[in-house]
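**Q** following is a predicted model, sequence given first.
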Amino acid sequence: MQKRRDVLKLAAGTAAASFLPKKLYAQTGTKKLSILTWNIIDMEPLFKQWFATFQSQNPGVEIEWLDKKGPELPAFYQTQLAAGTPPDIVDIQGGLGLEWAGQGALLDLTPMLDKEPAVRARFNPEYLANWVFEGKNYLIPFYVSKSLLFYNKPLFKAAGIDYAPKSLDDILSYAKAVSGADRTGFLTLNFDWLYWPLFRMQGVDLLTPDLKKPTFNTPAGIETADKLAKATADGSINKISWTGRWVEPNGAFAAGNVGMMHAHSSAYFFVKTQGSWITPETIGIAEVPGYWSTPNSHGYAISKGARNPELAWAFLKFATEKSQAMDFARGRTLTTANAEVDKDFLAELDKNDPTAAAVLRTQIEHTDKLTGNWRLSDDSAVKNIVWAEMQNIFLGRRDAKTALADAEKKVERELRRT
Amino acid sequence: MARLTLSALRKSYGAHAVVHGVDLDVADREFIVLVGPSGCGKSTILRMIAGLEEITSGSIAIDGRVVNEVDPKDRDIAMVFQDYALYPHMTVEQNMAFSLRYRGFAKAEIRQRVAAAARMLDIETLVARLPRQLSGGQRQRVAMGRAIVRDPKVFLFDEPLSNLDAKLRVAMRTEIKALRQRVPVTTVYVTHDQVEAMTLADRIVVLDKGTAQQIGTPEEVYETPASTFVAAFMGAPPMNLLPASLSGEGAVELPGGTRLQLSGASSSRLDRAPSREIWFGVRPEHLVPARDTSKAEIVAKARVVEPLGSDTMVQFDLGGVALIARMPPKSVRAPGDPLAFTMDPHDVHVFDRASGRRI
Amino acid sequence: MNTAPPQRAGVAGSADAVAPPVRAADWYRRKRTREAMLVACFLLPSLMIFFLYRILPLGWNVILSFEYWSPLKAARFAGLDNYAEMFLEDDVFWQALTNTLIFILASPIAILLALAVALAVNSDLKGAAIYRTIIFLSYPLMSVAVGIVWRWLYDERGGFINFVLRGTGLIKEPIPFLQSFGWALPSVILADIWQVVGFYMIILLTGLQSIPQHLYEAARIDGAPASARFLRITLPMLRPSLFICAVIGILNSFTAFDLVYVMTGGGPAHATELLVTHIYNMGFGETRFDYAAALTVVQFTLLVILTFLANRAVGGNAGSVESA
C-alpha cells in the first residue's frame, strides 16, 4: 500500500515538474544532496538502493555520492572546506569529528535531536556522547567499533596460560611467557590512539576533565611507559606496535607468531581471512583489562556550509532507521550503535557465526569506558606531541621520565596556543 | 729523424679482413697521403699507426723500433681528428697544453710552446676561448696546434678537412702545405679527396679494399697509374676508360671501330700483354682537338657541354661508351657540335682487362 | 593621395623586394611584431596554467604564511608568528629539516652508484642491455609499491634482509630497521636510492654515450692516463647530466612523501620526518594551513638556494649542451 502511494507521489511530482517552466522548476524542484563517505566503496549496491528509496520519498532530490580512501578523505574534505563547497554529509572516523567540530566545520545537530527524541533514542547514548563538543552533538553514529583483546589460544596453552589477562601486568607477564625466538607476546594497533587503554587501565589520563592541563606525567604514567618500553626491549611486545598501521600488525598476528593483539573489531574480520590457524576454538576474545577501550567509530556529520541541511538531516534519519541500519549491519557484519538493530543483528549472528557475534558483542558493552578522544579542536596536535615522545620511550631512545616531562611541556604550550 | 715502416700490415675483425698486408716505408720528413674511397682501410691503417687499433699481423716501426705493443702515448705521435676532438670544456690554451701536462714539461715551457704554436697558427687572440666559441677553421687550427706543441716524431691526420665547407677546405689545404714547410715532420695524412692527395703529398698511397694499389709521387700516380682503379680514382674528371682490344703491331682497336697506332716504347709494352682484351685509358685533358678532322683519331658529336670558364668539359659517345674531354673554353658551344680529337701515344694508358693492371 | 592598390601585409612578400628600403624595414618590424604575437599566443595557454597553478598558489601561500587562517575562520594578520613558532618552538621542524638535508646529502651516493653502474653497462660487458633494463625497472614502479616491498624486506621478524643477515651469521639478533631510530632514516634512504638509481643511470648513460669517442682517443695519444681521462673528460662532459641528477636528487628529497608515508609515516618519533611530511601533517593532519604555508615557504626557499648552488657547483651553465 505504502509503496503504491510512493509511486503515485513520484509520478505526480515528475509530471508537475515537467509541466513547470525550467526556471521555476529549478527554484522549487531539484535539490542536490552531496555525500562523502570514507573507504566503504564495497557498500555501493546498498547505498544505491538507499538513494533510490530516499529519492522516491523525496522527489526531485539529486544525490551525489563520493567515496574516498583512508588517507585521502581528510585532505579532500579540507580542500572542499577551503573552496566553500563542503559536501552536505560527511562520514568521519575517530576523533577527527570532534576536531572538525571544534574548528567550526560541522553543523550542530543538537536542535534536531532535541526536536526528535525518537531519533536520539535510537542510539547507544555513550557512542552518541562520544561526539559531543562543548555540550553540542555534532555527529550521529554510522557504524561503531572499539578496541578489544584477541589472543592466540594455542600459544597461550603452550605457555601454560589458560585465562585472559586481567591487568597490564598480566598482559606483560603473559606476553613474556609467550615470546620466544620468532614469537612476540603482545601487539597493539596504535593509530587513532588505540594504544591509550594501556595507560587508562593504569589510571593515567591525558588531560584534566576541563581539558586545560596535561595529567599524564605522573608516577603512574612514567611507570606504565617504562614497563611498556622494557617489554618492548625484551621482545615481549612486538615493535610493530609502535610503528605499524594496519596491515603489518594484523598480518603479524594472523601469521600466528603473536600471543595477543589489542585492536578493534574490524581487525578480526581481517585476520580471519589471513590466518589459517584461526578457528572458533583457537582465537581468544576478551575485553581489555578494566574494560577500557578506544572507539574507532564512524559518524555522520552535516557540514555547516551544507546547501540543504534539512534534506541532509532527513537523509541521516533515513539512513539510521532500523531497516537501513539492519541491512548495513548485515552487509558489513558490524555494530551500528542503533541499539535495537545491534541487539537483533547479534541475535541473528549468534546462530550463523558465534565467534563474530562474540567479537561484536564487546563493541556494545562497557561503552561507559571509552577513552582516547578529547574534545579539543587541536586533538591531533596534542596527540602527535605525546605520541612522538611515547615512541621515543617505547623504542628505547629516551627514558620515560624526561620524555614525559618534555611532552608535558609541549602539550601545555599547545594548549596555550589555541 | 723519424722513419715509419709498415710491414705486411694486416687488420681483420673476426673473419672480416679490412687491411690485407700493406707495406710502406715513410722516409724522414716525408708527407705521405693515404687516399681511397670510404671503406678502403685508410683510416684503419692510420689508427693502427696511432695505436688506437690493434694490429692483427705485420708490424709498425718508428725509427726502427717496432711499436706494435706500444701504448699510443709512448709512440711519440700526434694526431688530428676529423672532428678535431677538441676538449669542449677546456680553453684553446688548455687544449693545446693538455698533452704536455702529462709529459712532465715545466709550466714555463708549456706556456712558451703553446704561445709559439699559437703564433705560428695565427690563433694567439683565441687562446682563452672555448672550442664552441670558434669557427670551423679556427678549431682546425687549434687541433693542429695541439699536435704541433708536442713536437712529435710523426703527425697523423685523419681527414682533417672533410668537416669544412669547400672554400675553407681549399684555404686550409694551402695552410697545411705552408705549415708543412715550416714544421717538416714525418706525416701520414688520410683523405678521400684526390685533390688534397695530389696537392699535399710527397708520395701518395692509393688504397682500395685494404690493399695498396699504388705507391708513388703525385706525378707517378697521375701519369702512370698502376691500375684502372688508380686511373679512375686520381684526377677529376676521372680518366676515360674504354674496353678495347689489341690487334697486334702496337695497334689498338677502340669501340666503334677506331684503330689507333701506338708507337715506340708504348707499342713494345703491348707485347707483354697477357691477353688481347684491354682497357684503353686517356685522360680528358689528353684528348687534343684536331685541327684537321681528316687526321683525327676520334670523331664524334658533343652530347653535353659544361663550360667551366677556364675549360669546357664535353661529353660524347664513342661506340656506346661515354667519354669526357677537357677542351679550351668556347671551343665547343652546344650539344650536337662536331668533335675531332687526336691523342699523343705517350699520354694513353693500356690496362689488362681481366686484372686491371697496367701493361 | 595613395593610388597604389591596397595590398595585404600577408601577401606582400614578393612586392617587398622592390619596395623602397624604408617600407621594407617598416614591414619587417611589423612582421616581427606579428611573430612575437604569434609566439605569445602559443605560449599563453601554458603560461596561464603555470601562473594559475604555480605562481598564484605560491603567492597565496606566502601571504598565508603571515596570517592566522583556517578554512572556516577569517584571515587575521599574524606577522612572523608562524615563523617564530617554526624556528623557536617546533622541534619537529628542525628534525624534519635535518632529515631532509641528510636525504639530500645521500643523493651524491646514489649518483656515484648510478655512475658506476652506467660506466659498467656502457662497457663491453656481456648482457649490458639486460642489466640496464633490469636496473632501470625500479624507477617506473609506484613509490607506494616500492615502500610496501621494502617495508616487508626490512621487517624485523619475517623480513628478507634480516633473514639473510642472520642466515649468513653477520648478526645474531634481528635488526628492527624501520622501528629503530638509528636505522629508520638510512633504511628509507636506501629504498629511495634503490628506486631512483636506475633513473640516474639512464640519464648518465645518455650523457656518457653522447661523449665523442674521439676525445678519449685524443687523450690516449696525448698521454692522459685512465684516471685523468675519467676526471678530465668523462666527468666534465657529464656535467649537464650530473646537474640534472643532482637537481632530481634535491627535488626527490623534498618530495619523497609517498615512500616515507608508506614505510614509516615519518616515525618512529619523527626519525624519518621530512619537511614535506611535516607540511602534510600540519596542513591536513592538524588543519593548520597557515603554519603549513610558512613551512612550505621555508622549504621553497631552501629548494631555490640549493638548486642555485648546484648550478653554481657545476659551473653555472648547467643544462646547456656543449659540443665542439
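**A** Alright, I've got the coordinates. Numbering: from 1, shown residues only, chains lettered A, B, ... in the order given.
**Q** least confident secondary structure element in the chain?
**A** Looking at chain A here, since you left the chain open. helix A:22-28 (a mean of 42; mean pLDDT, DSSP states H and E).
**Q** the chain in question should be chain B.
**A** Quick look at chain B via mean pLDDT, DSSP H and E: least confident is helix B:264-270, a mean of 66.
**Q** show me the contacts for A:Gly104.
**A** Shown in contact with A:Gly104 (Cβ atoms under 8 Å, 6 or more residues apart in numbering or on different chains): A:304, C:72-73. C-beta here means a position set from N, CA and C on the backbone, and glycine is covered the same way.
**Q** closest to chain B among those residues?
**A** C:Lys73 (56.7 Å; Cβ to the nearest Cβ).
**Q** if we ignore the residues flanking it in sequence, what's nearest that closest one?
**A** In space, and not counting its chain neighbours, C:Lys73 is closest to A:Gly104: 7.1 Å by Cβ to Cβ, 6 or more residues apart in numbering or on different chains.
**Q** quick one: that neighbour from B:Gln133, how far?
**A** Distance, A:Gly104 to B:Gln133, by Cβ to Cβ, to the nearest Å: 65 Å.
**Q** A:Val144 too?
**A** The value you get for A:Val144 to B:Gln133, if Cβ to Cβ is used, is 76 Å.
**Q** neighbour count: these two, which is higher?
**A** A:Val144 (28 against 12; other Cβ atoms under 10 Å in any protein chain shown).
**Q** go ahead and confirm the more buried one touches A:Ser293.
**A** No. A:Val144 lies out of contact with A:Ser293 (Cβ atoms under 8 Å); the separation is 11.1 Å.
**Q** which parts of chain B sit against chain C?
**A** B:50-52, B:71-73, B:77-79, B:81-89, B:98-99, B:102-103, B:130-132, B:139, B:146 (Cβ under 8 Å from any Cβ of the partner chain).
**Q** could you say which helix or strand contains the residue of the stretch 151-300 of chain B found nearest chain C?
**A** Taking Cβ to the nearest Cβ as the measure, the stretch 151-300 of chain B has B:Leu156 as its residue closest to chain C, at 8.5 Å. For B:Leu156, the host element (DSSP states H and E) is strand B:154-158.
**Q** dump the C-alpha coordinates for that strand into CSV.
**A** Extracted in CSV, the C-alpha atoms of strand B:154-158 (Å, rounded to 0.1, in the frame of the first residue of the first chain):
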residue,chain,number,x,y,z
VAL,B,154,105.1,11.6,-36.6
PHE,B,155,102.0,13.6,-37.5
LEU,B,156,98.8,11.8,-38.3
PHE,B,157,95.9,13.5,-40.0
ASP,B,158,92.6,11.7,-40.2
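**Q** show me what counts as buried in the helix or strand just after it.
**A** Later in the chain than strand B:154-158, the nearest helix or strand by DSSP H and E is helix B:166-182. Residues B:169, B:172-173, B:175-176, B:179-180 are the ones in helix B:166-182 that count as buried (16 or more other Cβ atoms under 10 Å in any protein chain shown).
**Q** could you list the residues in contact with whichever strand or helix holds C:Val144?
**A** Assessed by DSSP H and E, C:Val144 sits inside helix C:143-154. For helix C:143-154, the external contacting residues (Cβ under 8 Å, 6+ apart) are A:248, C:138, C:158-162, C:177-178, C:187, C:190-191, C:194-195, C:256, C:258-263.
**Q** from these, which land in strands?
**A** Per DSSP state E, strands hold no members of these.
**Q** and the residues you listed, which are buried?
**A** For the contacts of helix C:143-154, buried by 16+ other Cβ under 10 Å: A:248, C:138, C:158-159, C:161-162, C:177-178, C:187, C:190-191, C:194-195, C:256, C:258-263.
**Q** mind checking which of these land in helices?
**A** Of those, the ones assigned to helices by DSSP state H are A:248, C:161-162, C:187, C:190-191, C:194-195, C:258-263.
**Q** dump these into CSV; add distance to chain B as well.
**A** Below are those laid out as CSV (distance: Cβ to the nearest Cβ, whole Å):
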residue, distance to chain B
A:Glu248, 51
C:Ile161, 42
C:Asn162, 47
C:Ser187, 39
C:Leu190, 34
C:Ala191, 35
C:Trp194, 32
C:Gln195, 31
C:Asp258, 38
C:Leu259, 36
C:Val260, 38
C:Tyr261, 42
C:Val262, 42
C:Met263, 40
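**Q** with pLDDT added, can I get the residues you listed in JSON lines?
**A** Formatted as JSON lines, those follow (pLDDT from 0 to 100):
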{"residue": "A:Glu248", "pLDDT": "83"}
{"residue": "C:Ile161", "pLDDT": "89"}
{"residue": "C:Asn162", "pLDDT": "87"}
{"residue": "C:Ser187", "pLDDT": "92"}
{"residue": "C:Leu190", "pLDDT": "92"}
{"residue": "C:Ala191", "pLDDT": "91"}
{"residue": "C:Trp194", "pLDDT": "89"}
{"residue": "C:Gln195", "pLDDT": "87"}
{"residue": "C:Asp258", "pLDDT": "85"}
{"residue": "C:Leu259", "pLDDT": "87"}
{"residue": "C:Val260", "pLDDT": "89"}
{"residue": "C:Tyr261", "pLDDT": "86"}
{"residue": "C:Val262", "pLDDT": "86"}
{"residue": "C:Met263", "pLDDT": "87"}
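**Q** pick out the most distant pair among those residues.
**A** C:Asn162 and C:Asp258 (24.3 Å; Cβ to Cβ).
**Q** and the angle from the strand holding B:Leu156 to helix B:166-182?
**A** 170 degrees (axes from the mean of the first three to the mean of the last three Cα atoms, to 10 degrees).
**Q** what does strand B:154-158 contact?
**A** By Cβ under 8 Å, 6+ apart, strand B:154-158 touches B:2, B:4, B:43, B:46-47, B:49-50, B:62, B:75-82, B:147, B:176, B:185-191.
**Q** what pairs with that strand, parallel or antiparallel?
**A** Using DSSP bridges, strand B:154-158 pairs in its sheet with strand B:77-80 (parallel), strand B:186-191 (parallel).
**Q** picking up where we left off before, sec struct for the residue nearest to C:Lys73, please.
**A** coil (DSSP: H, G, I helix; E, B strand; the rest coil).
**Q** wait, C:Ala128 touches C:Val117, no?
**A** No. With contact defined as Cβ under 8 Å, C:Ala128 does not count as touching C:Val117 (10.3 Å).
**Q** show me what contacts whatever residue of chain B ends up closest to chain A?
**A** Per Cβ to the nearest Cβ, B:His89 is where chain B lies closest to chain A, at 47.0 Å. Contacts for B:His89 (Cβ under 8 Å, 6+ apart) come out as B:130, C:236-237, C:239, C:322.
**Q** nearest to chain A among these?
**A** C:Arg239 (39.8 Å).
**Q** find me the pLDDT at that closest one, would you?
**A** C:Arg239 carries a pLDDT score of 86 in this model.
**Q** how far away is it from C:Cys245?
**A** 11 Å.
**Q** I'm done for today, thanks for sticking with me.
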